[in-house]
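1. 3D model of this:
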Amino acid sequence: MRDGTIAVGVDGSLESLAAADWAAQEALLRNTSLRLVQAWEWKVHPGALAPSNDTQRDWATRLLHEAEERIKSLHPELAVTTELASGTPVAALLAASADAALLVLGSRGLGGIVGFLLGSTGLETLAEATRPVVLVRPGEQGQSEPERSPTSGREVVLGLDLHRPSDDVIAFAFEAADRRQAPLRVAYAWEVPPVHRYASGPGHDTTPRQEDEEREALTEALRPWRSKFPDIDVGEAPVCGRAGHHLVEAAARAGLLVIGRRAQNPGHGTHLGPVAHAVIHHARCPVAVIPHK
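-> Got it, this is the predicted structure:
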């Protein structure tokens, strides 16, 4: 049975500590509890000597306790629980996300390039999760960045697909902006079919009429949501071009970027699509990935 708990995967890394910090503040925003999840079964490479089960469990228990103490010291008013799960990290995280409102994962930056770098655990969890997942990276000094906290009031950016709009994705973004008392910027990019580009000639990828039609479609799609959330300052950012590039640019100074992911049948691999791939690797802010049909 699902509840409002925020679940976060912890493994002792700086990335997971940043994720735990973000998740704690999100739990406070939602007036709910936080669950720290640690899986103790290590993935051992062929030929390597595996630590004993007792050693793995003791190590995981210590890391989980340290993370719990850290969060409680920072947020004594927050209800925090822990879960030491046997099995692989992916299985533990997916099980935790199934019972929670939100799963939060840490991700490290791409060296000198600001963005996310997900390992196999993160990619598999993200691709198979049936609940929203938020990716958080650490700051320059290995800590979560205060200006990117959920309570900062910085704008929320929604990447909208007008061809297959999802109420779940749109609702998540509006509710996030509402909790933060932050403006919402709705980014939408469309690409002109190649046959139109060839017919128009170089330098004429789109026409004023096409732009007007796309803007009108975006306004109509948002009309019922503006009525439902009248206090939110909603801005529209439609452009002709690549969606992934546009979203990364639109969210350069945002507090949160929200995108959708079409849910696949279990066991269909870790394919996320080009837009999601571009966003989760290069966005500067936390990214919420919302699965939908």
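2. who touches whatever helix or strand residue 90 lives in?
-> Using DSSP states H and E, residue 90 maps to helix 89-98. For helix 89-98, the external contacting residues (CB atoms under 8 Å, 6 or more residues apart in numbering) are 2, 7, 9, 11, 35, 37-39, 41, 43, 83, 85, 103, 105, 121, 124-125, 128-131, 133. All C-beta spots, glycine's among them, are computed from the backbone N, C-alpha and C.
3. repeat that with 6 Å
-> 7, 9, 37, 39, 85, 103, 121, 124, 125, 128, 129, 131 (CB atoms under 6 Å, 6 or more residues apart in numbering).
4. Identify the residue spatially nearest to residue 172, adjacent ones excluded.
-> With CB to CB, 6 or more residues apart in numbering as the criterion, residue 172 has its nearest non-adjacent residue at 5.2 Å, and that residue is residue 290.
5. if we can go back for a sec, so which bits of the helix holding residue 90 are buried?
-> Neighbour-count burial for helix 89-98 flags 89, 90, 92, 93, 94, 95, 96, 97 (criterion: 16 or more other CB atoms under 10 Å).
6. Quick one: those as TSV, columns for distance to residue 74 too.
-> Converted to TSV, the buried residues of helix 89-98 look like this (distance: CB to CB, whole Å):
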residue	distance to residue 74
89	24
90	28
92	24
93	23
94	27
95	26
96	21
97	23
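7. Determine which two of these are furthest apart.
-> Largest separation among those by CB to CB: 89 and 97, giving 12.2 Å.
8. mind listing the helices in the stretch 1-150 of the chain by residue range?
-> Using DSSP state H, counting those that start in this stretch, the helices of the stretch 1-150 of the chain run over 14-30, 53-74, 89-98, 120-128.
9. which secondary structure elements does the longest one contact?
-> Secondary-structure packing of helix 53-74 (3 or more CB pairs under 6 Å, 6 or more residues apart in numbering; DSSP states H and E): helix 14-30, strand 34-39, strand 80-85.
10. can you redo the ones you listed as CSV with mean neighbour count?
-> As requested, the helices and strands packed on helix 53-74 are arranged in CSV below (neighbours: other CB atoms under 10 Å):
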stretch, mean neighbour count
helix 14-30, 23
strand 34-39, 25
strand 80-85, 16
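11. Which among these is found nearest to residue 239?
-> Comparing the helices and strands packed on helix 53-74 by CB to CB, helix 14-30 comes nearest, at 28.8 Å.
12. about what we covered before: which of the helices and strands packed on helix 53-74 sits closest to residue 252?
-> Of the helices and strands packed on helix 53-74, nearest to residue 252 by CB to CB is helix 14-30, at 18.4 Å.
13. just for the stretch 1-150 of the chain, where's the confidence low?
-> Residue ranges of the stretch 1-150 of the chain with pLDDT under 70: 1-3, 40-53, 108-120, 139-150.
14. 50 instead?
-> For the stretch 1-150 of the chain, the stretches with pLDDT under 50 are 1, 109-117, 140-148.
15. domain assignment for the chain?
-> 1-42+54-143, 152-293 (automatic domain parsing).
16. I am assuming residue 20 contacts residue 9, so please confirm or correct that.
-> No. Judged on CB atoms under 6 Å, residue 20 makes no contact with residue 9 at a distance of 8.8 Å.
17. all strands of this protein, in order?
-> 6-9, 34-39, 80-85, 102-106, 108-110, 113-117, 133-136, 156-159, 184-190, 234-240, 256-262, 287-292 (DSSP state E).
18. For the residue nearest to residue 172, list each beta-bridge partner.
-> Residues in a beta bridge with residue 290, per DSSP bridges, are residue 260.
19. How many neighbouring residues does it have?
-> Residue 290 has 23 neighbours, counted by other CB atoms under 10 Å.
20. again with residue 123
-> When neighbours are defined as other CB under 10 Å, residue 123 has 17 of them.
21. Can you verify my assumption that residue 27 contacts residue 34?
-> Yes. Between residue 27 and residue 34 there is a contact at 4.3 Å, judged by CB under 6 Å.
22. shared neighbours of these two, which are they?
-> Common neighbours of residue 27 and residue 34 (CB under 6 Å, 6+ apart) are residue 6.
23. Is residue 10 in contact with residue 34, as I believe?
-> No. Judged on CB under 6 Å, residue 10 makes no contact with residue 34 at a distance of 10.7 Å.
24. For the stretch 151-293 of the chain, which segments count as helices?
-> Counting by DSSP H, counting those that start in this stretch, the helices of the stretch 151-293 of the chain are 167-180, 194-200, 208-228, 243-250, 274-282.
25. What residues sit buried inside the longest one?
-> Put plainly, it is helix 208-228. Residues 214, 217, 218, 221, 222, 225 are the ones in helix 208-228 that count as buried (16+ other CB under 10 Å).
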